[in-house]
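Participant: Need the 3D shape of this:
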Amino acid sequence: MVYIHSWQEYQDAAEALYLKSPSKARYSVKWRSSEGKLVLKITDNTTIGKQCIKFKTYSSIFLNRFEALNLSLMQKMTNMRPETPPSLVPPALPTTEDARASPIPSAVSTITPSTPAGGVAKKKKPSKKKK
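Facilitator: Here you go, the predicted structure:
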């Protein structure tokens with residue numbers, strides 16, 4: 001187990017280790033509030049040539065960087081790319097020919113449901129009989 005003292009080196013090494021073997025990599029976070037210590041650890045779960053790198057800090061300055069690293073690793077783990085902002089061009093309005101061909105009327109109804117979102121109404125509790 002190697003503690004890396006530079007954040008940039010740790011972030012690069014952690015992302016490289018995950019990309020090397022994504023199915024075997026493990027990432028853990030430990031926070032000790034009594035000591036104010038944050039320890040990040042990433043390892044590949046192989047027995048031969050096992051790599052384990054750690055980063056330890058007592059400073060709250062690293063919390064934003066830690067959040068950015070978590071976001072980056074989670075995007076890689078879920079195989080998602082960051083969303084691009086929507087373009088400023090408004091969507092095209094349907095023409096009258098499209099409106100005639102569409103089975104949905106152009107006016108939007110504002111019907112409020114009488115039941116909760118689950119679709120099942122709550123049952124009333126029976127009242128207790130007085131003796």
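
Participant: Any stretches of this protein with poor pLDDT?
Facilitator: In the prediction, the chain carries residues with pLDDT under 70 at positions 1, 46-49, 80-121, 131.

Participant: The same query, at a cut-off of 90, please.
Facilitator: Applying pLDDT under 90 to the chain flags the ranges 1-3, 15-27, 33, 35-36, 43-52, 59-68, 70, 72-131.

Participant: All the strands of it, residue numbers only.
Facilitator: Listed from the start of the chain, the chain has strands (DSSP state E) covering 2-3, 25-32, 37-44, 52-57.

Participant: Of all those, which one is nearest Asn70?
Facilitator: Closest approach to Asn70 among these (C-beta to C-beta): strand 25-32, 8.0 Å. Placement of C-beta: from N, CA and C, glycine included.

Participant: Output the strands of the chain as TSV; include the columns mean neighbour count and distance to Asn79.
Facilitator: As requested, these are arranged in TSV below (neighbours: other C-beta atoms under 10 Å; distance: least, C-beta to C-beta, whole Å):
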stretch	mean neighbour count	distance to Asn79
strand 2-3	10	28
strand 25-32	12	14
strand 37-44	18	18
strand 52-57	18	23
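
Participant: in the chain, which spans are helices?
Facilitator: Across the chain, reading from the start of the chain, the helices by DSSP state H fall at 7-20, 63-77, 96-101.

Participant: which one of those is the most hemmed in?
Facilitator: With neighbours defined by mean count of other C-beta atoms under 10 Å, none of the helices of the chain is more surrounded on average than helix 7-20, at a mean of 16.
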